[in-house]
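> Return a 3D structure for these sequence lines:
(one chain, ligands or ions: 3)
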Amino acid sequence: MTVSSAPGKVYLFGEHAVVYGEPAVPCAIERRATVAVESRDDDRLRVHLSDLSIDGFTVEYSGSTDETPDVNVSESLVQAGIGYIDAAIEQARDATDRPDAGFDITVESDIPLGAGLGSSAAVTVAAIDAATREVGVSLSSDEIADRAYRAELTVQDGEASRADTFCSATGGAVRVEGDDCRAVKSPELPIVVGFDGGAGDTGKLVAGVRALREEYEFAGDTVQSIGDIVRQGERALAEGDTEELGRLMNFNHGLLEALGVSSRSLDNMVWAARDAGALGAKLTGAGGGGCIVALDPTDETETALRFTPGCEDAFRAELDTEGVREE
Ligand SMILES: Nc1ncnc2c1ncn2[C@@H]1O[C@H](COP(=O)(O)OP(=O)(O)OP(=O)(O)O)[C@@H](O)[C@H]1O
Ligand SMILES: C[C@@](O)(CCO)CC(=O)[O-]
Ligand SMILES: [Mg+2]
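Ligands and ions are numbered 1, 2, ... in the order given. This next block holds a predicted model:
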């Protein structure tokens with residue numbers, strides 16, 4: 001059996017705009033998805049998802065036919081549940097030239113799903129690493145990032161940037177602009193996450209921004225302004241200027257709100273963090289619901305979030321300098 005894990009992430013800046021070629025700076029955090037893979041004698045896949053909100057289920061099916069897994073939940077739920085794993089295994093089979101490889105797969109994750117912390121990228125990256133190593137092939141983290149990006153593209157109907165998957169494969173803080181992906185230096189950041197218990201539909205939210213951009217020139221300008229914030233943010237990050245980072249995160253949140261991807265509970269948490277003295281706060285990831293990220297070296301923001309209506313969980317998140325790794 002081979003086991004790999006990969007981290008989730010928060011966006012300091014740049015989500016959504018990164019889809020249109022602006023830069024973004026996501027940061028890996030110490031919350032991981034762990035995928036265990038064991039080769040089978042046949043070409044089937046048996047997938048056990050222990051912590052999906054669909055109550056944990058096990059499906060066994062042949063990944064190479066259009067056979068529907070035999071489980072007692074709706075097909076769309078099953079597809080939502082196994083889509084990324086399926087695409088990851090397809091990439092692993094392709095990378096190892098083993099189109100008929102069968103696996104038993106178990107996924108465990110402490111990253112909330114669909115909440116802006118990159119659970120899909122972490123699961124995809126860890127699954128590709130574990131499945132390829134299980135058949136004796138070791139890919140570089142850049143190759144894993146590229147394969148995971150292609151897997152996300154397939155599941156998300158051609159709408160994905162390289163940001164989440166590169167960050168999860170590499171760890172630490174990264175900068176992504178189109179195909180240009182690189183690690184950047186980051187000081188320790190006092191990251192606090194607030195989670196409203198909900199999720200957003202990444203595809204729908206990205207499509208919404210695309211439609212606004214097509215309809216209004218100033219929506220396109222807004223996307224470009226996010227790019228300007230990111231470029232300024234990179235300088236603040238390099239200088240370790242957390243106060244400037246906070247101000248820029250506040251600005252970035254305002255523009256994301258203007259693009260229609262925030263929500264009442266995300267805005268509530270952002271304001272609770274600011275009122276508690278956070279250096280800055282913004283939504284992270286696709287939005288619509290899920291998580292905010294704030295910077296606060298004191299305990300005030302975490303405490304305030306715990307008492308904020310609509311906030312289900314608040315926790316400190318350490319920057320994770322390690323990307324995908326063997327467990
Ligand atoms: N623990 C898990 N087990 C199996 N599949 C998972 C798990 N966590 C995430 N996934 C897959 O990832 C999907 C959620 O991905 P989605 O891109 O919508 O959200 P996210 O990656 O958490 O947030 P964002 O992309 O905004 O950062 C789930 O529907 C599921 O297919
Ligand atoms: C909204 C988005 O920018 C980030 C989702 O975590 C989409 C993407 O980059 O693929
Ligand atoms: Mg995702």
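> Sketch out the strands for the protein, chain order is fine.
In the chain, the strands defined using DSSP state E lie at 2-13, 25-39, 45-49, 57-61, 103-109, 173-177, 180-184, 191-195, 280-283, 291-295, 313-317, 325-326.
> Please identify the buried residues of the second one?
Just to be clear, that refers to strand 25-39. For strand 25-39, the neighbour count (16 or more other CB atoms under 10 Å) marks 25-38 as buried. No exception for glycine: its C-beta is placed from N, CA and C like everyone else's.
> got it, and stretch 138-153?
Applying 16+ other CB under 10 Å to stretch 138-153 flags 139, 141, 143-153 as buried.
> Quick check: the two most widely separated of these?
S141 and L153 (18.5 Å; CB to CB).
> Tell me where the model's unsure across the stretch 51-200 of the chain.
Scanning the stretch 51-200 of the chain for pLDDT under 70 picks out 51-78, 80.
> The same query, at a cut-off of 90, please.
Scanning the stretch 51-200 of the chain for pLDDT under 90 picks out 51-83, 108-109, 112-114, 154-160, 199-200.
> Could you tell me which residues of it lie near ligand 2?
118, 160-161, 163-164 (CB under 6 Å from any ligand atom).
> Please list which of the residues you listed are also close to ligand 1.
Okay, of those touching ligand 1 (CB under 6 Å from any ligand atom), that's 118, 164.
> out of the residues of the stretch 51-200 of the chain next to ligand 2, which is most surrounded?
Within those, most neighbours by other CB atoms under 10 Å means D164, with 34 neighbours.
> Does that residue touch A24 like I think?
No. Using CB atoms under 8 Å, D164 is not in contact with A24, being 9.5 Å away.
> before we move on, the earlier item: and the strands of the chain: which comes nearest V209?
Per CB to CB, nearest to V209 of the strands of the chain: strand 280-283, 13.0 Å.
> With only the CA atoms kept, save the closest one in PDB.
What follows is strand 280-283, C-alpha atoms only, in PDB (Å, rounded to 0.1, in the frame of the first residue of the first chain):
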ATOM      1  CA  GLY A 280      -7.100  42.300   7.100                       C
ATOM      2  CA  ALA A 281      -9.700  39.800   6.000                       C
ATOM      3  CA  LYS A 282     -11.100  38.400   2.800                       C
ATOM      4  CA  LEU A 283     -13.000  35.400   1.400                       C
END
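> Can you name every helix or strand that it contacts?
If contacts are counted by 3 or more CB pairs under 8 Å, 6 or more residues apart in numbering; DSSP states H and E, strand 280-283 sits against helix 242-258, helix 264-275, strand 291-295.
> mind running it again at 10 Å?
Applying 3 or more CB pairs under 10 Å, 6 or more residues apart in numbering; DSSP states H and E, one finds that strand 280-283 contacts strand 2-13, strand 191-195, helix 242-258, helix 264-275, strand 291-295.
> and the gap between Q224 and ligand 2?
For Q224, the distance to ligand 2 (CB to the nearest ligand atom, to the nearest Å) stands at 15 Å.
> My read is that that residue contacts Y20, right?
Yes. Contact criterion CB atoms under 10 Å: Q224 and Y20 qualify, at 8.5 Å.
> Those two: which is more packed in?
Y20 (16 against 12).
> With adjacent residues omitted, what lies nearest to the more buried one?
Excluding the flanking residues, the one nearest Y20 by CB to CB, 6 or more residues apart in numbering is V223, at 5.4 Å.
> residues touching Q224, list them.
Q224 is in contact with 17, 20-22, counting by CB atoms under 10 Å, 6 or more residues apart in numbering.
> at 8 Å instead, please
Q224 is in contact with 17, 22, counting by CB atoms under 8 Å, 6 or more residues apart in numbering.
> Distance check, it against G14.
For Q224, the distance to G14 equals 12 Å [CB to CB, to the nearest Å].
> Repeat that for L205.
Relative to G14, L205 is positioned 15 Å away (CB to CB).
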